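Colleague: My questions concern the predicted model and sequence given below.
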Amino acid sequence: MNQRISVSINSDENGFIGRECPKCKEYFKIKFGTGLPIHQYTCPYCNYTGDNDEFFTEAQIEYGKSVAIKKVVGPILDSFHRSFKKLETSTKGGFIQIKVRTSGNVFKIKYYQEKILETNVICDSCGLNFSIYGVFSNCPDCGRLNAKFIFEKSMEVLKNKLKLSEDSTLESSLKNDLLKDSLIGAISSFDSFGKSLRDKHNTKFLYDTKNLFQNFLKLNESLKIYFGKNIKDYLSQQDSDFLFKMFQVRHIYEHTAGVIDNDFIKKLPQFNLQKGRKYILDKKEILLFLEKLLSLAQKIYLEVE
Ligand SMILES: [Zn+2]
Ligand SMILES: [Zn+2]
């Protein structure tokens, strides 16, 4: 006997449905009705591409099976139960004693709950809403890397941090810490952004520099070799010089508490007279830096993705 039973899989309270890659077994979620009208997914972690129904999670399959079993076997068991009951009455007073006991728990539905993941993303290329472990991944619908979206989000967070520094009740050392954190945070996000691009497109960047996106001159060299453009060609000479300076400022804030040293002066001779003094961070300047860095990230992304 062949019987088809359709079981519907419900979404979580935000409209997301869990998916599990048949190859790497990793879990992600997508929102139905967003993204491309296709019946295939690409795993955001390992890039395996396959049909829609290859991506059911273990828990969804168990749930489906339990619903099907209850629907098919439940009524059969009921009728068994009734016939045994008949037998029970017909043998009353006789030699054979039959007692029928059934437990209601035999065909329990295996309910499940979708997991809470770390990062929610809306793909800016196809509009799919999806949710993943970790931060960087490819879109399950169109396969594009979400690095630009993540970087834009982190720039927003840093901008808000900068806004906090405007609070007049804050101590000046605390204010300065917020400025410093924003500067250092921006370059470390830029570096993570760069790493995810390099992981996916390892033939489009210099491979022998570890933190390529933290190193302005090396990054410039890499872009020149692979795309024939300097950073100033993506932005302007002025913006490129400004970014270069801020990368060096970040460096001294990371290593010499913001004090201008020989290394700094070698790269930026105009600071010669300020040797041994602290580079004073300014909110407006860092805000501008976030803006220019974002613009550079967007241009590099378009170049490779
Ligand atoms: Zn996978
Ligand atoms: Zn997409």
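Modeller: Looks like it came in fine. Ligands and ions are numbered 1, 2, ... in the order given.

Colleague: tell me which residues in the helix or strand bottoming out on mean pLDDT in the chain are buried?
Modeller: Least confident helix or strand of the chain, by mean pLDDT, DSSP states H and E, is helix 58-90 with a mean of 80. For helix 58-90, a neighbour-count test (16 or more other Cβ atoms under 10 Å) marks A59, Q60, Y63, G64, S66, V67, I69, K70 as buried. Every residue, glycine included, has its C-beta placed from N, CA and C.

Colleague: List just the nearest of those residues to ligand 2.
Modeller: Q60 (22.8 Å; Cβ to the ion).

Colleague: dump the residue contacts of the closest residue to that closest one other than its chain neighbours.
Modeller: Among residues not flanking Q60 along the chain, I9 sits closest, at 5.3 Å (Cβ to Cβ, 6 or more residues apart in numbering). Contacts for I9 (Cβ atoms under 8 Å, 6 or more residues apart in numbering) come out as I17, F56, Q60, Y63, G64.

Colleague: Can you tell me the element I9 falls in?
Modeller: Remark: I9 resides in no helix or strand, with elements defined by DSSP states H and E.

Colleague: pLDDT score assigned to it?
Modeller: Looking at I9, its pLDDT stands at 87.

Colleague: Would you quantify the distance from it to G18?
Modeller: In this view, I9 and G18 are 9 Å apart by Cβ to Cβ, to the nearest Å.

Colleague: one step back: helices and strands around the least confident helix or strand of the chain, which ones?
Modeller: strand 16-20 (3 or more Cβ pairs under 8 Å, 6 or more residues apart in numbering; DSSP states H and E).

Colleague: in the stretch 1-150 of the chain, which spans are helices?
Modeller: Taking DSSP state H, counting those that start in this stretch, the helices of the stretch 1-150 of the chain run over residues 58-90, 147-164.

Colleague: and the shortest one, which residues are buried?
Modeller: Counting neighbours by 16+ other Cβ under 10 Å, one finds that the buried residues in helix 147-164 are A147, K148, F149, I150, F151, K153, S154, M155, L158, K159, L162.
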